[in-house]
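Student: next input, structure requested:
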Amino acid sequence: MTKIGAVFGTHDAQTLAQLQDVAERAEKVALMADGHVGYVMPIGGVAAYDNKASVVGVGFDIACGNAAIRTNLRLENFDRKYLEHLADEIQRSISFGVGRKNESGDAPVDDPLFDAPEWDALREAAGKGAHDMLLAKARSQLGTVGSGNHYVDVFADETGTLWVGVHFGSRGLGHTIASGFLALSQNKKWGERAKETETLLDLSAPLGDAYWDAMQLAGKYAYAGREWVARYVVDLLGGCEMELVHNHHNFAWREVHDGRELVVVRKGATPAFPGQKGFIGGSMGDDAVIVEGARDGDAKLQEASLYSTVHGAGRVMSRTEARGKVKGWGPKARIVSPGKVSWEMVKEWIGPRGVILRGGGLDEAPQAYRRLPDVLSAQGDTIRVLHTLRPLIVVMAGENEFDPYKD
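Tutor: The predicted structure follows:
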């Protein structure tokens with residue numbers, strides 16, 4: 001019996017080869033329609049293991065995910081001038097980019113997660129000195145967004161109701177946890193550079209058990225950070241939270257499939273059990289959606305997907321292919337050979353849609369991505385679109401920001 005469940009959409013040979021390679025070690029795998037090549041495991045890939053977790057499968061941006069808040073506000077009560085002002089305020093007051101600290105006067109430095117018992121497992125694995133430095137960094141970074149494809153958006157749905165959506169993960173905490181356990185699994189010391197090769201940790205063994213606790217800690221951290229940022233923007237709008245839709249898409253879960261408890265790793269894939277809601281973004285110039293796992297869908301196809309769906313539109317160009325070859329980073333960054341996308345092309349795309357863009361880079365241009373309706377359609381009868389969200393404001397880090405923690 002084949003271990004490959006469902007493959008949605010069309011993919012290049014390298015992506016499919018990565019999936020086949022993962023299937024050699026997993027109990028079952030699936031690939032979503034936004035899939036593309038990643039480290040060891042393709043982005044958009046889902047793999048189920050018998051009491052094991054894949055460090056590189058979960059990835060370096062542990063618990064990257066999306067959160068969306070439906071507000072009590074209506075678009076007709078906001079003119080263009082005010083939305084422009086709001087975009088400026090989001091860019092000014094939320095920390096985007098590399099190594100940034102949360103400079104807000106009410107930054108959540110005393111969040112209860114900093115007293116979570118999982119910190120003990122991290123101290124044992126990393127050592128007290130590394131643990132203490134990581135804890136201090138985590139406190140300062142909670143509620144920062146980062147760069148790359150991470151964003152804060154304001155949307156209007158089909159009824160004119162305003163939503164706030166965010167996309168980012170566990171920042172330096174998650175990246176350090178992934179790197180540290182990858183090193184330990186290769187008999188290196190915490191903090192040593194290790195090759196980005198497959199590492200399956202037995203969760204019954206001390207190292208695997210410690211990784212699982214640390215991953216859960218990164219998950220709590222990402223949830224707290226996304227909710228803080230989204231609620232901060234709702235407050236800037238002067239609104240109230242009416243509904244929260246929130247999911248990781250780089251994580252591992254214990255789930256029951258075909259009567260067996262398995263560890264399901266989703267790398268750039270959104271959980272979509274029947275009735276479970278998810279927020280899925282497009283690109284900086286495209287609509288996003290609120291979906292739910294189909295309650296009356298194709299049950300066999302849902303099972304074959306390991307109850308998963310896309311996490312975004314999916315890249316069709318690499319960052320270098322879209323932006324060009326860049327030398328240096330930060331203010332000194334310069335393009336030494338152009339890519340396929342120009343700022344004129346970006347403006348031609350987002351201008352007619354009326355999107356107010358702050359920050360962003362050519363590597364995140366709409367042209368570098370598939371179209372979200374196409375990948376959603378390719379998922380077949382497994383999900384239902386509940387709301388279509390039109391972007392009004394898109395705020396991202398500037399194109400010269402370098403971020404080692406992006407997914």
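Student: give me the three-state assignment for Ala68.
Tutor: Counting by DSSP: H, G, I helix; E, B strand; the rest coil, the backbone at Ala68 sits in strand.
Student: ok, now how distant is it from Met32?
Tutor: As judged by C-beta to C-beta, to the nearest Å, Ala68 and Met32 stand 19 Å apart. In this view, the C-beta of every residue, glycine as well, is placed from N, C-alpha and C.
Student: neighbour count: these two, which is higher?
Tutor: Neighbour tally, Ala68 and Met32, criterion other C-beta atoms under 10 Å: the higher count belongs to Met32, 33 against 28.
Student: which ones are touching the nearest residue to the more buried one once chain neighbours are set aside?
Tutor: Once flanking residues are discounted, Met32 sits nearest to Gly44: 4.0 Å by C-beta to C-beta, 6 or more residues apart in numbering. If you count contacts by C-beta atoms under 8 Å, 6 or more residues apart in numbering, Gly44 has them with 31-36, 267-269, 310-311, 314.
Student: and Gly44, what element?
Tutor: strand 43-49 (DSSP states H and E).
Student: ditto for Met345
Tutor: Assigned by DSSP H and E, Met345 falls in helix 343-350.
Student: only the buried residues of that helix, if you could.
Tutor: Residues of helix 343-350 classed as buried: 346, 349-350 (neighbour count, 16 or more other C-beta atoms under 10 Å).
Student: using PDB, list the CA coordinates for it.
Tutor: Extracted in PDB, the C-alpha atoms of helix 343-350 (Å, rounded to 0.1, in the frame of the first residue of the first chain):
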ATOM      1  CA  TRP A 343       8.400  47.700  -8.600                       C
ATOM      2  CA  GLU A 344       6.600  49.000 -11.600                       C
ATOM      3  CA  MET A 345       5.000  45.600 -12.000                       C
ATOM      4  CA  VAL A 346       4.000  45.500  -8.300                       C
ATOM      5  CA  LYS A 347       2.400  48.900  -8.600                       C
ATOM      6  CA  GLU A 348       0.500  47.900 -11.700                       C
ATOM      7  CA  TRP A 349      -0.800  44.900  -9.800                       C
ATOM      8  CA  ILE A 350      -1.800  46.400  -6.400                       C
END
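Student: give the next helix or strand downstream of that helix.
Tutor: Using DSSP H and E, the next helix or strand after helix 343-350 towards the C-terminus is strand 356-360.
Student: which elements pack onto that next one?
Tutor: Applying 3 or more C-beta pairs under 8 Å, 6 or more residues apart in numbering; DSSP states H and E, one finds that strand 356-360 contacts helix 80-93, strand 383-398.
Student: and it with helix 343-350, angle?
Tutor: Counting by axes from the mean of the first three to the mean of the last three C-alpha atoms, to 10 degrees, strand 356-360 points 140 degrees away from the direction of helix 343-350.
Student: how far off centre is the helix or strand following strand 356-360?
Tutor: The helix or strand immediately downstream of strand 356-360 is helix 372-378, counting by DSSP H and E. In terms of C-alpha atoms, centre = their mean, to the nearest Å, the centre of helix 372-378 is found 18 Å from the chain centre.
Student: got it, and stretch 358-377?
Tutor: 14 Å.
Student: now swap in stretch 184-198 and tell me
Tutor: That offset, for stretch 184-198, works out to 24 Å (C-alpha atoms, centre = their mean).
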